[in-house]
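Visitor: 3D, please:
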Amino acid sequence: MKESRLLFVFASCFLILSFPVLANPASLGAGESDMRFELQEFDKKALSADALGNWQTVIHSTLFILARTTEIYRGPLRILVPDQKEIVVSLYNDGTFVISSGLLDYIDSCLFNDEAISIRRMQTIDYEREVMLAQFLVPEIAALALGQNLNAPRLSQQVLEADRFAPIILSLAGYDPKLYAIWLKNLSSLYSKGTETEAFKSWLQSKPSPAIRIESISNSLINIKNISSEYSLILASMKTGTALKDASDLLTNLTEIYPKSTYLFRLSALVNHKLWLESVPETTLMLKPMLPFADEIDLSRAKFIKLLSQTPQKHPGQYYMEDQDSIPGNIQYFMKASENYKKTLTYMDDPLIASAQAQLLIWSGNTSVRKSAMRIAEESAGLENGSESFLARSNFANLLYLTGSDYLRCQYILEDLIAETKTIHTETNRFVSSGFPGDSRDMLLNLILILRSLTDIKKAEEILPIFKTQTVEKKGTSSFRNVRIGDNQDILTEAWGRPAEIVYNYFTETWFFPSLKTSVLLTLEKTSTKPVISLIRIENGSPVSPGKDIRTGDSFDDFIKAFGNHVYKTGDKYVFLIDENRLSVCNLYGTIRNMTAGL
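Guide: Numbers count the residues shown, from 1 in each chain. I've put the predicted structure just below:
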């Protein structure tokens, strides 16, 4: 017991010393005044959304795919498009991305040549813009992921390191990673030309020559492929909630290669936070926290649902803020998550990561740290106002309850957020949407648990049927090219043939069908001797349809007209119940980007 107590004292001291605020030390060093001046000048010349036309949504969509779906960054990401011919593509430490209009004109000049453009191609022209724009933006996102100082000119070695990481990001984002080398080869011709590419001169001369960059990638192809596979395994583990310990080990190994990578810090914080949550009984946690990651399957929800069949727990009351004897659960996971949250927030502000950190540190066992965590949770919730995400505000409501601070305010926040999830966000301003990585069903679940503990059983019983409708298992009768959720692998093979690739962990198999632009998650269930289909993921450009001739790339409004309104939101998607099947749809600025059956 003495040894355990010493460990707790050390842990508490560490937490107090390392607890960050929502400030960004990296942006306060050298180059801060220059950066502010540059951004002020760009802001003066920034084009309006109307002037940008379709380019506005193309830019937003590209950055959402590169930064959000890869889970590299969900913090504030502001777009400025100054009206100037000189090429500028720069991401700053404050989250501002500057993309000059000259680059957009160049992309359009490449796509809209003198030849007549077919009506069919015009229907996909915005996606062609996106794919080409992604090659210009991904080196900046790679620099962010690697933890490079975005406010200072980057050394040649840093540019080459970002180049080698860029194909990894493109692959994780669903783009063809081979396009990056092709893009660099195209830059080679610009690099050698004269006045006709004057607009590119300053941008190109600030970096190593395209030939050197191509050689750097060519010499690292095997490493790039292997590392890309490891990141894919980590993201798959987090999405399905399986093999998290393996994911944690992979992250530790990757940190040896990328010791300053904020991407790895972020993923490691979330993985270890999940592992810690698994080590704590649901009766201790009382409510289900949300983490800023777009899950597909959340295995932890089941243990909180079990609380609904038990005698309601008493509300915690003010005693919760008293010093405790120890941190519950596995302290190693707790400390590792805490350390990586700190590293992530030291680099760039991110209200959703700060909110998750507060959810962890509220269990620190130290009154001072808990009170600091409460302040951070409230700040994060305030910064989230007006965004699509509801995660930070929902988490703040949880802490209002757990600390006994304000039960009534807690209920009001959750009730307002639950009502808000019935709406569809379509507006596009200067900020890229953070998405909604949480699951709105968790807010319903927590509200029911809170009402029960406060003896408002009648109100809890009124909400319970809604929650049950949203969480009941849906096998479904809908067919996706003769394949259904719940079919075994033999039926899948008969209908779609053998996959081009299979990725395994101890719990799942993911089969990839590139020709159909789909992937299928199979799991081994007790009722079957062979793996069965749990999820069918339908990617952008897939010919597979959920019915009524609706496909990815179509208007989200058309989907609603065909199938009705969504039932809840989860993992950056709107979820619909269709023919006893659960279909989730990613609505990216009015367009169906991808769909998943079986969530």
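
Visitor: point out where the stretch 351-500 of the chain drops to low pLDDT.
Guide: 474-477 (pLDDT under 70).

Visitor: now the strands for it?
Guide: Using DSSP state E, counting those that start in this stretch, the stretch 351-500 of the chain contains no strands.

Visitor: what ranges does it have for its helices?
Guide: 351-361, 367-384, 391-402, 407-420, 440-453, 457-471, 489-496 (DSSP state H, counting those that start in this stretch).

Visitor: can I get those helices in CSV with distance to Asn93?
Guide: Placement of C-beta: from N, CA and C, glycine included. Below are the helices of the stretch 351-500 of the chain laid out as CSV (distance: least, C-beta to C-beta, whole Å):
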stretch, distance to Asn93
helix 351-361, 15
helix 367-384, 17
helix 391-402, 21
helix 407-420, 31
helix 440-453, 32
helix 457-471, 40
helix 489-496, 46
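
Visitor: could I get those helices in a markdown table, plus columns for mean neighbour count and distance to Ser188?
Guide: As requested, the helices of the stretch 351-500 of the chain are arranged in a markdown table below (neighbours: other C-beta atoms under 10 Å; distance: least, C-beta to C-beta, whole Å):
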| stretch | mean neighbour count | distance to Ser188 |
| --- | --- | --- |
| helix 351-361 | 27 | 39 |
| helix 367-384 | 20 | 43 |
| helix 391-402 | 27 | 44 |
| helix 407-420 | 16 | 50 |
| helix 440-453 | 23 | 49 |
| helix 457-471 | 14 | 53 |
| helix 489-496 | 15 | 40 |
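
Visitor: can you tell me what sits against stretch 155-163?
Guide: 139-140, 142-143, 146, 148, 154, 180, 184, 207-208, 212-213, 216-217 (C-beta atoms under 8 Å, 6 or more residues apart in numbering).

Visitor: closest to Ile424 among these?
Guide: Glu140 (29.9 Å; C-beta to C-beta).

Visitor: in this protein, where is pLDDT below threshold?
Guide: Checking the chain against pLDDT under 70 turns up 1-32, 114-123, 192-196, 317-325, 474-477, 526-528.

Visitor: residue nearest the centroid of it?
Guide: The centre of the chain sits closest to Glu71, judged by C-alpha atoms, centre = their mean, with a distance of 3.6 Å.

Visitor: that one contacts Ala269, correct?
Guide: No. Look at Glu71 against Ala269 with C-beta atoms under 8 Å: they stay out of range, at 11.3 Å.

Visitor: who touches the residue nearest to the centre of the chain in this structure?
Guide: 235, 238, 266-267, 293-294.

Visitor: quick one: what helix or strand has it in it?
Guide: Using DSSP states H and E, Glu71 maps to neither a helix nor a strand.

Visitor: what about it, distance to Pro292?
Guide: 8 Å (C-beta to C-beta, to the nearest Å).

Visitor: now Leu360
Guide: For Leu360, the distance to Pro292 - C-beta to C-beta - is 12 Å.

Visitor: quick revisit: could you tell me which of the contacts of stretch 155-163 count as buried?
Guide: With burial judged by 16 or more other C-beta atoms under 10 Å, the buried subset of the contacts of stretch 155-163 is 139-140, 142-143, 146, 148, 154, 180, 184, 207-208, 213, 216-217.

Visitor: make CSV out of those residues and add secondary structure.
Guide: Shown next, in CSV, are the buried ones among the contacts of stretch 155-163 (DSSP: H, G, I helix; E, B strand; the rest coil):
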residue, secondary structure
Pro139, helix
Glu140, helix
Ala142, helix
Ala143, helix
Leu146, helix
Gln148, coil
Arg154, coil
Tyr180, helix
Leu184, helix
Lys207, coil
Pro208, coil
Arg213, helix
Ser216, helix
Ile217, helix
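
Visitor: contact partners for Glu473?
Guide: Going by C-beta under 8 Å, 6+ apart, the list of residues near Glu473 is empty.

Visitor: relative to Gln135, how far out is it?
Guide: In terms of C-beta to C-beta, Glu473 sits 42 Å off from Gln135.

Visitor: go on, Lys517?
Guide: 20 Å.

Visitor: which of these two has more residues huddled nearby?
Guide: Shown here are Lys517 and Gln135; by other C-beta atoms under 10 Å, Gln135 has more neighbours (21 against 18).

Visitor: mind checking how far the nearest residue to that one once chain neighbours are set aside is from Gly75?
Guide: Spatial nearest neighbour of Gln135, chain neighbours left out: Trp183 (3.8 Å); criterion: C-beta to C-beta, 6 or more residues apart in numbering. Distance, Trp183 to Gly75, by C-beta to C-beta: 27 Å.

Visitor: can you pull the contacts of Arg430?
Guide: Contacts of Arg430 by C-beta under 8 Å, 6+ apart are 78-80.

Visitor: out of those residues, which is nearest to Leu417?
Guide: Arg78 (24.4 Å).

Visitor: next, give phi and psi for the closest one.
Guide: Main-chain torsions, Arg78, degrees, to the nearest 10: phi -100, psi 140.

Visitor: that one: neighbour count?
Guide: 16.

Visitor: surely Ile466 touches Leu444?
Guide: Yes. Ile466 lies in contact with Leu444 (C-beta under 8 Å); the separation is 6.5 Å.

Visitor: list the buried ones in stretch 299-315?
Guide: 300-301, 304-305, 307, 312, 315.

Visitor: give the closest residue to Ser101 in space, chain neighbours not counted.
Guide: Asp83 (5.0 Å).

Visitor: neighbouring strands - and their directions - for the host helix or strand of Cys586?
Guide: Here Cys586 sits within strand 581-588, counting by DSSP H and E. Sheet pairing for strand 581-588, assigned by DSSP bridges, gives strand 573-578 (antiparallel), strand 591-597 (antiparallel).

Visitor: one step back: roughly how far does the residue nearest to the centre of the chain sit from Leu235?
Guide: Distance from Glu71 to Leu235, by C-beta to C-beta: 7 Å.
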